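In: Need the 3D shape of this:
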Amino acid sequence: MEANDMDKQWLCKHGHVLGAIQWNGNKVPFLLLYRHAVDMGADDPEAVDVIGPVIGQMPVRCDICDQVRTWEMTPKILAEFLKTMNKGERELVEAYLHKGHVRKTNKIMNRARVEK
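Out: The predicted model follows:
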């Protein structure tokens with residue numbers, strides 16, 4: 001993977017590169033997670049192998065120093081993610097957020113099962 005001007009390295013606290021932060025067309029950041037941490041201070045840094053983008057929140061362990069760093073979903077990232085869902089999926093998320101309304105939650109969840 002070649003880094004471009006829009007990439008920012010995502011580092012553990014000891015400076016090992018765990019991934020690259022990129023921005024989509026809506027200027028929402030996402031993390032491209034590397035399979036193995038990269039020590040850029042090494043004489044011959046390892047080639048980068050990208051696992052893929054991280055969706056949501058995920059703890060990532062540096063396989064060089066064993067330090068753990070968590071990629072967190074910001075409200076902006078969450079809003080962008082919700083935009084990718086269809087109407088039924090968004091209603092289901094809304095029902096989970098309003099668990100106090102058990103009858104409405106069950107109705108929406110049952111409707112979502114039927115629509116699949």
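
In: Burial check on residue 61, number of neighbours?
Out: 13 (other CB atoms under 10 Å). For glycine as for every other residue, the C-beta is placed from the backbone atoms N, C-alpha and C.

In: same thing with residue 8?
Out: Neighbours of residue 8 (other CB under 10 Å): 14.

In: Check it and give its pLDDT.
Out: Residue 8 carries a pLDDT value of 93.

In: by contact count, what packs against the longest strand along the chain?
Out: For the chain, the strand with the greatest residue count under DSSP state E is strand 29-38. If you count contacts as 3 or more CB pairs under 8 Å, 6 or more residues apart in numbering; DSSP states H and E, strand 29-38 packs onto strand 17-23, strand 50-54.

In: between that strand and strand 50-54, how big is the angle?
Out: Angle, strand 29-38 to strand 50-54, by axes from the mean of the first three to the mean of the last three CA atoms, to 10 degrees: 150 degrees.

In: Can you show me the helices along this protein?
Out: Per DSSP state H, the chain carries helices over the ranges 75-83, 87-97, 102-115.

In: I'd say residue 54 and residue 30 touch.
Out: Yes: contact status for residue 54 versus residue 30: in contact at 7.0 Å, counting by CB atoms under 8 Å.

In: quick one, which of the helices and strands packed on strand 29-38 is nearest to residue 79?
Out: strand 17-23 (14.8 Å; CB to CB).

In: That closest one: how far from the chain's middle?
Out: For strand 17-23, the distance from its own C-alpha centre to the chain's C-alpha centre is 11 Å (CA atoms, centre = their mean, to the nearest Å).

In: strands paired with that strand, and their directions?
Out: Strand 17-23 has the following strand partners under DSSP bridges: strand 8-11 (antiparallel), strand 29-38 (antiparallel).
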